[in-house]
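**Q** build me a model from this:
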Amino acid sequence: MGMRTAIGQMGWLPLAALLVLLWTVVTAVNVVGTMQPYAGLGGEQVGQTFLGGAAGLLVLLGFGAAVAYAYAEMGETDPAPESFPPR
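**A** Have a look, this model is predicted:
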């Protein structure tokens, strides 16, 4: 089954997965923009440190990979259910 068939059969679900993936990318870009490279290595720090930003990016990477995997599985045909009644 191609993506056109998947969208036809599942309606809005593949589009919602793409929107969630887009949101994940935008959030990751925002996290990279607010990370301070040498923050948190010494002294007091207010705001997002590099290590906190890196941990957030790892979580977003895992979440994005899971969404991308789910999106890719929407177009697969195997394993397909058996036709009923059996022939």
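
**Q** just say helix, strand or coil for residue 48.
**A** coil (DSSP: H, G, I helix; E, B strand; the rest coil).

**Q** any idea how far residue 13 is from the nearest residue in space to it that is not next to it in sequence?
**A** Distances taken as CB to CB, 6 or more residues apart in numbering put residue 34 closest to residue 48, at 5.1 Å, once the chain neighbours are dropped. Bear in mind the C-beta positions are built from the backbone N, C-alpha and C, glycine included. With distances taken as CB to CB, to the nearest Å, residue 34 is found 32 Å from residue 13.

**Q** burial of the residue nearest to residue 48, as a residue count?
**A** Around residue 34 sit 12 other residues, with neighbours defined as other CB atoms under 10 Å.

**Q** over to residue 58?
**A** Residue 58, neighbours per other CB under 10 Å, totals 10.

**Q** can you give me the helices in the protein?
**A** Secondary structure of the chain (DSSP state H): helices at 3-10, 13-34, 50-73.

**Q** between these, which gets nearest to residue 85?
**A** Proximity to residue 85 (CB to CB) singles out helix 3-10 among the helices of the chain, at 21.6 Å.

**Q** in this protein, where is pLDDT below threshold?
**A** 1-10, 38-47, 75-84, 86-87 (pLDDT under 70).

**Q** rewinding a little: format the helices of the chain as CSV; extra columns: distance to residue 85.
**A** Compiled in CSV, the helices of the chain are given as follows (distance: least, CB to CB, whole Å):
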stretch, distance to residue 85
helix 3-10, 22
helix 13-34, 29
helix 50-73, 28
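
**Q** the residue nearest to residue 48 against residue 50, yeah?
**A** No. Residue 34 is beyond contact range of residue 50, at 10.7 Å (criterion: CB atoms under 8 Å).

**Q** quick one: buried residues of stretch 50-63?
**A** 52-53, 56, 60 (16 or more other CB atoms under 10 Å).

**Q** likewise for stretch 59-75?
**A** 60, 64, 67, 71, 74.

**Q** correct me, but the last one touches residue 17?
**A** Just to be clear, that refers to residue 74. Yes. Residue 74 is within contact range of residue 17, at 7.1 Å (criterion: CB under 8 Å).
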